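>>> here is a sequence with its predicted model. Questions after.
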Amino acid sequence: MSIDSPTAGMPSADAAPTLTRRAALAFTAYQAGDRDRMSELVDLLTPVLWHTARGQRLDTATAEDVVQTAWIRLVEHADAIQDPQAVLGWLVTTVRREAWRLLRQSGRAVPTDEVPEESAGAPVAPSGDGSTIDPALVAVLHEGQQQLWHHVTSLPQRCQALLRVIAFVDRPDYAALSEALGMPVGSIGPTRGRCLAKLRAALLADPTWSAS
Amino acid sequence: MTPDESTLASEPLDTLDEQVLLTVRNMHARLDPVPSGLTDRIKFELTLAALHAEIAELQRVSLAGVRADDTAYAPTQSVTFTSSRLSLMVTLTAPTDDPDQAREGTITVDGWVTVGGTVVELRVGNLSLTVTADEHGRFVIEDVPHGPGRFVLHPPGEGERPIITPTVEL
């Protein structure tokens, strides 16, 4: 890797570059005039944005629109983003706000970050919102994944949304991403945080679950 | 939250957590993958945004011929787009009349644009087909696959902004 960006020399520079760092390199090159690097950025970050949008309980068509809108905003505001490391967080925040705006407009659902954690303790059956997964699809999961599905969908909605996005990024990026998702500091990274602790406790208490 | 969970929550992340999150990732990737073609559509939209293109309006769609059902193609369809600087009319033909010529699943686009010499680009999926309209504004694009497509028009002249049409089903 060439050390040509202003962010070279970050602590993570000698380890395998995290998603945030790879995105920062591509975005720095884009800002410097290498317009083709935007394409790389889109390939790199769209999965995280997709799961951010879907985690906010948008149906697939609306999720596509929201993700697309976030990218267009990024291109429009590319010059205003000073820290290339912040690109992923900026996009995730944009997706979340746009999702929130649309959900509020449709009067359909309360955004996950507005639900107090205590009241979300009782799992709500994931029905009637746009993110519902066809039960037939769950059947294609192998046995271990089905058990995991059961435990994940028993978590509070905000935890489901958090873990879904966190699972697509690298550990050093957890804290920043959790913040971009509107979660309180310490929700995940560097410590495990409540959501992952809940899931882990449920899995460990399940005699039929194995990590392999 | 139980005391056990509180303790668990305050511990640093370990390799079991990484395994759990990897399984969560695989589960979501399998259940709800990024729709195919989404990244290509985004890249296309970004290209257009970078062009500062003017968006043409879809003016009229007229259908000649009979659509028996969803699988039988209407033989001819005409679509008109207008913008502040030009209009574009295209006729879409599925060449089913001549079995020798008919390429399975492709159509022919006959077009007319009000400004001669306009470079007409048709984007369908990942495919980009470009022709230049003659001095009268006529052009033909053959072997166009079915699918959602849009036209990008580059009128002749220095510094002319391109014009793009909304997506139409070809």
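Received the coordinates, thanks.
>>> for the residue nearest to residue B:26 when sequence neighbours are not counted, helix, strand, or coil?
Using CB to CB, 6 or more residues apart in numbering or on different chains and skipping residues adjacent in sequence, the residue nearest residue B:26 is residue A:145, 7.0 Å away. Placement of C-beta: from N, CA and C, glycine included. What DSSP: H, G, I helix; E, B strand; the rest coil gives for residue A:145 is helix.
>>> go on, residue A:185?
Residue A:185 is classified as coil under three-state DSSP.
>>> try residue B:122
For residue B:122, the assignment made with three-state DSSP gives strand.
>>> that one reaches residue B:149, doesn't it?
Yes. Applying CB atoms under 8 Å as the test, residue B:122 and residue B:149 come out as touching, 5.8 Å apart.
>>> for the residue sitting nearest the centre point of chain A, give me its contacts.
Central residue of chain A (CA atoms, centre = their mean): residue A:165, 2.5 Å from the mean position. Residues near residue A:165 by CB atoms under 8 Å, 6 or more residues apart in numbering or on different chains: A:48, A:51-52, A:55, A:92, A:177, A:181.
>>> these: which ones sit near chain B?
For chain B, the contacts drawn from the contacts of residue A:165 by CB under 8 Å from any CB of the partner chain are residue A:51.
>>> what stretches of chain B score poorly on pLDDT?
B:1-3, B:63-76, B:95-104 (pLDDT under 70).
>>> which parts of chain B sit against chain A?
B:1-2, B:4-6, B:8-13, B:16-32, B:34-35, B:38-39, B:41-43, B:45-46, B:49-50.
>>> cross-check the contact I'm expecting between the residue nearest to residue B:26 and residue B:25.
No. With contact defined as CB under 8 Å, residue A:145 does not reach residue B:25; the gap is 10.9 Å.
>>> the spatially closest residue to residue B:10 that is not a sequence neighbour and residue B:152, how far apart?
Using CB to CB, 6+ apart and skipping the chain neighbours, the partner closest in space to residue B:10 is residue A:191 (5.5 Å). From residue A:191 over to residue B:152 the distance is 51 Å, taken as CB to CB, to the nearest Å.
>>> between these two, which has more neighbouring residues?
residue B:152 (21 against 18; other CB atoms under 10 Å in any protein chain shown).
>>> confirm that one sits in a helix?
No. Under the criterion used here (three-state DSSP), residue B:152 is strand, not part of a helix.
>>> that one: what's it in contact with?
B:48, B:51, B:53, B:120-123, B:162-165.
>>> find the residue closest to it in space, skipping its chain neighbours.
Using CB to CB, 6+ apart, the closest residue to residue B:152 is residue B:121 (4.3 Å).
>>> beta-bridge partners for that neighbour, please?
Applying DSSP bridges to residue B:121 gives these bridge partners: residue B:130, residue B:152.
>>> which residues touch residue 43?
No chain was given, so I picked chain A. Residue A:43 neighbours (CB under 8 Å, 6+ apart): residue B:39.
>>> my question was about chain B
Per CB under 8 Å, 6+ apart, neighbours of residue B:43: A:38-39, A:42.
>>> can you list these in CSV and add neighbour count, pLDDT and distance to residue B:156?
Shown next, in CSV, are the contacts of residue B:43 (neighbours: other CB atoms under 10 Å in any protein chain shown; pLDDT from 0 to 100; distance: CB to CB, whole Å):
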residue, neighbour count, pLDDT, distance to residue B:156
A:38, 22, 94, 28
A:39, 17, 93, 29
A:42, 22, 97, 32
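>>> in helices only, show me those.
Using DSSP state H, the subset of the contacts of residue B:43 located in helices is A:38-39, A:42.
>>> next up, the contacts around residue B:45.
A:68, A:71-72.
>>> ok, and of the residues you listed, which contact chain B?
Answer for these near chain B (CB under 8 Å from any CB): A:68, A:71-72.
>>> weed out the non-buried ones from those.
A:68, A:71 (16 or more other CB atoms under 10 Å in any protein chain shown).
>>> list the buried residues in the one helix or strand residue A:61 maps to.
Residue A:61 belongs to helix A:60-76 when assigned by DSSP states H and E. Using 16+ other CB under 10 Å as the test for burial, helix A:60-76 gives A:62-64, A:66-71, A:73-74.
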